[in-house]
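Chemist: Quick one: sequence and predicted model below, then my questions.
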Amino acid sequence: MFLLCTGVVQVAAAYGGLKGLLFFRSRRLCAALGMGLILGSLVWFFFEGGRNIPDTNGGIAGASQFGLFMLGAFLALLFTFVATSIANYRNGNGHSDEDAADTSDGLPSLRETTFIQALLSNLRALWKLCRRSTQRYSSG
């Protein structure tokens, strides 16, 4: 699931032009990597064998399968966010804090900045808004 979800994120980011989520600068290379991860993990799953074992004979119960799927998907997103933030910042795709503050909110901000830069920019803006809105009610 980890490999499959990582591949899906790469294909979706390449298709959507989200440069901040791409492992490499080339969208085509990231799309090819994503498709390779998707196809490779599916081939590995279907040709490995032992898929249809009931939970009474040592297989994984449905609730556990769901939990493992969610864990794999979450870890794939977390890995993608951290790895692409490091790779894109080091490669020069990352922008300075002033540029990150000018980007839009949400997923479109990942077209120009990395996930960590967008997150920090949005947290700074939220903190400023919180301080501004509570300033008139405080004695300081």
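Modeler: The structure has been received and is ready for your questions.
Chemist: So in the protein, where's the weakest helix or strand by average pLDDT?
Modeler: Lowest on mean pLDDT, DSSP states H and E among the helices and strands of the chain sits helix 97-101, with a mean of 46.
Chemist: How far away from the center of its chain is the helix or strand following that one?
Modeler: Reading on from helix 97-101 to the C-terminus, the next helix or strand found by DSSP states H and E is helix 115-135. Relative to its chain's centre, helix 115-135 lies at 21 Å (Cα atoms, centre = their mean, to the nearest Å).
Chemist: Could you report the neighbour count for E48?
Modeler: Close neighbours of E48, defined as other Cβ atoms under 10 Å, add up to 8. Where you see a C-beta, it was placed from the backbone N, CA and C, and this is true even at glycine.
Chemist: which residue is nearest the middle of the chain?
Modeler: L77 (3.6 Å; Cα atoms, centre = their mean).
Chemist: For this protein, which segments count as helices?
Modeler: Using DSSP state H, the helices found in the chain span residues 2-16, 27-48, 62-90, 97-101, 115-135.
Chemist: now for those helices, which one comes closest to D55?
Modeler: helix 62-90 (7.7 Å; Cβ to Cβ).
Chemist: and the angle for that closest one with helix 115-135?
Modeler: Angle, helix 62-90 to helix 115-135, by axes from the mean of the first three to the mean of the last three Cα atoms, to 10 degrees: 90 degrees.
Chemist: which helices and strands does helix 62-90 pack with?
Modeler: Contact analysis of helix 62-90 by 3 or more Cβ pairs under 8 Å, 6 or more residues apart in numbering; DSSP states H and E lists helix 2-16, helix 115-135 as its packing neighbours.
Chemist: Perfect, that will be all.
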